[in-house]
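Engineer: Quick one, what's the 3D model for this:
(chains A, B and C)
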Amino acid sequence: MSDLLQVRNLTKSFGGVVANREVSLSVPSDAIVGLIGPNGSGKTTLFNCIVGYQPIDRGSITFAGREVSRLRVPEIARLGLIRTFQQTRIYRNMSCMQNMQISVRHESEGLRTMFSKFVSEVNAQADALLEFVGLYDRSLLPAGELSFGQQKLLELAMALMNRPKMLLLDEPTAGVNPTLINGLIDRLQRANSEFGITLLVIEHNMRAIMHLAQHIYCLAHGELLASGSPQAIQNDRRVVDAYLAVQ
Amino acid sequence: MSRPSTRAARYAALALVALAAPWLLPSYTTQMTFLWLMVVFALTWDIVGGQMGYNSFGNVLFFGIGAYACAVVQRDCGLGYFGSLALGTALAALAGTLAAAILGPGILALRGQYFAIGTLGLGIAAADIAAGWRYIGGGSGMVTPLFPGAVGARERFFYYLLLVVAVLTFATLRWLYAGRFGLTINAIRDDEEKAEAMGIRTTRHKTVAWCISALFLGLAGAVAGNMLGFIEPREFAFAGSTYGVWMVLMAMLGGRGTLWGPVIGACVFHITQEVFWTYLLGWQRVAMGLFILVVAVYFPRGIVGWFRQAR
Amino acid sequence: MGNLTLLSDAPVLNLQLLLDGILVGAVFALVAYGMALVWGVMKLINVAQGEFVLLGGYVVFFLVRAGMPPLPAVPIAAAVMAIVCWALYRVVIFRIVEKDLFTSILATFGLSILIQQLINQLYGSDVRTVESGLGSLFFAHGMVTVAEVKLVAFVGAGLLGALLVWFLRQHRLGQAIRATAQNTRAARILGVDTDRVYAATFAINGAICGAAGGLVAMTWTIHPYSGLSYTVRSFMIVVVAGLGNLAGVIASGAGLGVAENYAGFLLGAEYQTAFVFSLLVVILVGRNLWLMRQRKYLK
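Structural biologist: Model (predicted):
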């Protein structure tokens, strides 16, 4: 299976601080890959570089065979690479349904498409995805009135609405009630297996990521420390040391 | 949400009043014409400001461009009065739209306060440039052709013309806000970074919104310039400290980001302004400055916003 | 643009334009520093900044007309404007301090119109100037003229700037102001009375504008509608230099002064303000494009 996302020797510094040093990773199509590491290891910076939020100093990022390291955020998103935010960003003043509608894929957009109304297929798809995350009965509520966990689910549904090739999830279980985490993980797995979406997930919740991911990369001090299956990573002495050392 | 039949009845009643007004109150025709101009000002500001979050203090740029474009066409094209007026108006709308299309990508890339002050500078620069450009009359401005008709007919003609522009503006915005476009510009307002992260073509949408604003402002400029009979660069065409800031104030006064808010704001503002001009002669501009200050400080959510909170 | 050849034919003209530009630039920088202070501490963009400058100028104008010599009138104008701005804060400005920037822009725009029209109504729209009674210095075989009053304005602006820097660094209130600018909530928690800090900051800005206005009245002219151009100049300088950068403000002020002088010389005096406002747009768009290449935006 070919790699959907390939990061090669990515280096990014802020002033004197090297946030990412020669980091390389690859995500095969249809896979679920995890990215872990203690705080300050450079996970978020790596993420931001991939989605186009930051320019990189050196290296290359290829998505679906295309070099994307010089593209802007909306261009990369339109190629099929969508990210979710750690703080969970949704359009608070719109209803859940409108949040879903606005998240539809914006492919070619001439004036006619811009001014049209949403077709019924869009609304049907929105309904289905809201049902998928369990928010169907809240469709007409303003998104700002949802609880934090519900907003996270809405953000996921919005991302799925966009029919991405790949989803980058920034700590999807952070701040979520432990009883709801299983449901969230389940939905992520189904997004991968049923909708064919490749996932790259930053996580701090070890139980969740070990359960979810097929392959895990571990960063420490801006460099790639270890990479392998969940079992291999769990038994890797260096990973344990990295986490303990930061504490 | 009112039923379609009651809404249609309301629109019909309003239309009736608007159409009959010049016959019911003939001596106030010109003032009421200005009311429609204010409505266009407020509505065109709000599409970019209240709905999209880009608070422009320089939208008057397109108004002036429209006014001048029409006057130049009327001066140079050699057609009869109505022919040149029609051509001039069409070109005015085109000129405004083109200006927005060209300036849009650069200016709309500015955010927040930089966009606000930047557009303010744009409007005033236009005033100064126009005041020095002899082709369009320089500091004395330009004169528009005389209406071929009796005095009463002239007032009524421009009343209905501006009413048509106002209705067109309202109807277009109403249609836009009901569809995808309205939702998209709201998304840009609520969280532009999220919108970008989801692949929305923000630059394109922002520019199109500004172009729509500019189109109707250009139209209004052409008609208003003809109604007044002359176009002066600083006090009329690119009047940043009057028309330019009134656009912002009216939308805010009525309620930004709503369809009827700017209309209500324009009405309240216009009446207030007429009261000031009639009873505070000499001090009306001072009172207007104070009014702007008070509204901005005490009524930021506007009339519609106040109503929604009171419910 | 006919004057362009003149610049290469008589190079000493460049020196004249440069000198005049730097001298006027000092006053611009001073006013910009006041605007940056209010912006940084109170998160408020004061569109009425130019009108505060004008008011200072009018105070000096009327004091001189009543018989006072011009130079002592300047600090009095500063004091008067400090009190006026302190009062403005207590009456209305305090309400817009913690609101969004749009509200502050619209509200202070209203204030600027109010002041502008008040001046116009009370004192007419004539252009006014104050005779300083000072002469001119001549250099380069009489080809370069420097009005002494411009030198005085330059030195005055510099002294005031130095005083400000000392105050912000050494005086307790100045330090409280800087703390509030960096982190309002933290300052409050640590016991800083932010309301007093805001009032003091606005008053200090008033004093700066008052003094600058007095210098402007002596060195050039004032009239009710010239306020906005000073506001826009200050804004430009703050945008280019950044909020905390005093050296940048001075350099940008000088740069703007020189650019304006060249523009006035090459395009004609009537296009000078058009140049200033157009330059604002060019700077904003240009700077943004530059930041966008690094995938950032002016925030």
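
Engineer: need the strands for the stretch 51-200 of chain B, in chain order.
Structural biologist: Along the stretch 51-200 of chain B, counting by DSSP state E, counting those that start in this stretch, strands occupy B:142-143.

Engineer: Where does the prediction get shaky in the chain?
Structural biologist: All of this is about chain A. Across chain A, residues meeting the criterion (pLDDT under 70) sit at A:1, A:245-247.

Engineer: um, chain B though
Structural biologist: Applying pLDDT under 70 to chain B picks out residues B:1-2, B:311.

Engineer: residue nearest the centroid of it?
Structural biologist: Nearest to the mean C-alpha position of chain B, by Cα atoms, centre = their mean, lies residue B:41 at 1.9 Å.

Engineer: OK, contacts around that one?
Structural biologist: B:59, B:63, B:217, B:220, B:243, B:246-247, B:250, B:266 (Cβ atoms under 8 Å, 6 or more residues apart in numbering or on different chains). From N, CA and C alone the C-beta is placed, and that goes for glycine too.

Engineer: How about residue B:101?
Structural biologist: B:207, B:211.

Engineer: Check the one 4 residues further on too.
Structural biologist: Applying Cβ under 8 Å, 6+ apart, we find residue B:105 in contact with B:203, B:207.

Engineer: Could you do residue C:139 as well?
Structural biologist: Contacts of residue C:139 by Cβ under 8 Å, 6+ apart are C:15, C:145-146.

Engineer: so residue B:117 makes contact with residue C:280?
Structural biologist: Yes. Under the criterion of Cβ atoms under 8 Å, residue B:117 makes contact with residue C:280 at 7.2 Å.

Engineer: Which neighbours do those two have in common?
Structural biologist: Taking Cβ under 8 Å, 6+ apart as the contact rule, residue B:117 and residue C:280 both touch C:232, C:235.

Engineer: which residues does residue B:89 contact?
Structural biologist: B:70, B:219, B:222-223 are the contacts of residue B:89 under Cβ under 8 Å, 6+ apart.

Engineer: please redo it, this time with the cut-off set to 6 Å
Structural biologist: B:70, B:222 (Cβ atoms under 6 Å, 6 or more residues apart in numbering or on different chains).

Engineer: gap between it and chain A?
Structural biologist: 22 Å (Cβ to the nearest Cβ, to the nearest Å).

Engineer: Pull up the residues of the stretch 201-311 of chain B that are close to chain C.
Structural biologist: B:241, B:245, B:248, B:285-286, B:289-290, B:292-293, B:296-297, B:300 (Cβ under 6 Å from any Cβ of the partner chain).

Engineer: Show me how to select, in PyMOL, the buried members of the residues you listed.
Structural biologist: To isolate the buried members of these in PyMOL, using 16 or more other Cβ atoms under 10 Å in any protein chain shown:
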select buried, chain B and resi 241+245+248+285+286+289+290+292+293+296+297+300
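
Engineer: Which members of the residues of the stretch 201-311 of chain B next to chain C occur in helices, if any?
Structural biologist: B:245, B:248, B:285-286, B:289-290, B:292-293, B:296-297 (DSSP state H).

Engineer: Run through the helices of the chain in chain order.
Structural biologist: Just going to use chain A. A:43-51, A:73-78, A:96-102, A:111-115, A:120-133, A:148-161, A:178-195, A:206-212, A:230-234, A:237-246.

Engineer: Oops, wrong one, chain C.
Structural biologist: Using DSSP H, helices in chain C cover C:3-9, C:12-42, C:49-65, C:70-91, C:101-123, C:148-170, C:172-182, C:184-189, C:194-219, C:227-241, C:246-267, C:272-293.

Engineer: ok so, going back, adding distance to residue B:45 as columns, could you present the ones in helices among the residues of the stretch 201-311 of chain B next to chain C in TSV?
Structural biologist: Formatted as TSV, those follow (distance: Cβ to Cβ, whole Å):
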residue	distance to residue B:45
B:245	10
B:248	6
B:285	21
B:286	24
B:289	19
B:290	21
B:292	14
B:293	19
B:296	14
B:297	19
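
Engineer: which bits of chain A sit near chain B?
Structural biologist: Checking chain A against chain B by Cβ under 6 Å from any Cβ, the hits are A:73-74, A:77-78, A:89, A:91, A:93, A:98, A:102-103, A:106, A:109, A:114-118.

Engineer: Sort out which of the residues you listed are buried, if you could.
Structural biologist: Buried, going by 16+ other Cβ under 10 Å: A:73-74, A:77-78, A:89, A:91, A:93, A:98, A:102-103, A:106, A:109, A:114-115, A:118, out of the residues of chain A next to chain B.

Engineer: Looking from chain B, tell me which residue of chain A is nearest.
Structural biologist: Nearest residue of chain A to chain B (Cβ to the nearest Cβ) works out as residue A:77 at 3.6 Å.

Engineer: Contacts only, for that residue.
Structural biologist: For residue A:77, counting by Cβ under 6 Å, 6+ apart, the contacting residues are B:197-199.

Engineer: Tell me how many other residues surround residue C:285.
Structural biologist: For residue C:285, the neighbour count with other Cβ atoms under 10 Å in any protein chain shown is 19.

Engineer: cool, residue A:131 as well?
Structural biologist: By other Cβ under 10 Å, neighbour count at residue A:131 equals 13.

Engineer: on that earlier part again, who wins on neighbours among the contacts of residue A:77?
Structural biologist: That'd be residue B:198 among those, by other Cβ under 10 Å, with 27 neighbours.

Engineer: which residue packs closest to that residue, ignoring adjacent ones?
Structural biologist: Among residues not flanking residue B:198 along the chain, residue A:103 sits closest, at 5.5 Å (Cβ to Cβ, 6 or more residues apart in numbering or on different chains).

Engineer: correct me, but that neighbour touches residue A:159?
Structural biologist: No. Using Cβ atoms under 6 Å, residue A:103 is not in contact with residue A:159, being 7.3 Å away.

Engineer: just to revisit the earlier point, point out the ones among the contacts of residue A:77 that are inside helices.
Structural biologist: Per DSSP H, the subset of these in helices is residue B:197.

Engineer: returning to that earlier point: can you tell me which of the contacts of residue C:139 is closest to residue C:258?
Structural biologist: residue C:15 (11.2 Å; Cβ to Cβ).

Engineer: now that closest one, nearest residue through space, not along the chain?
Structural biologist: Residue C:15 sits nearest to residue C:144 (Cβ to Cβ, 6+ apart), 5.4 Å away.

Engineer: Same question for residue B:232.
Structural biologist: residue B:141 (4.1 Å).

Engineer: Give me the distance between that neighbour and residue B:214.
Structural biologist: Going from residue B:141 to residue B:214 by Cβ to Cβ, to the nearest Å gives 21 Å.

Engineer: Excluding covalently adjacent residues, which one is nearest to residue A:36?
Structural biologist: Nearest to residue A:36 is residue A:218, by Cβ to Cβ, 6+ apart, at 5.2 Å.

Engineer: which residues touch that neighbour?
Structural biologist: Residue A:218 neighbours (Cβ under 6 Å, 6+ apart): A:36-37, A:225-226, A:239.
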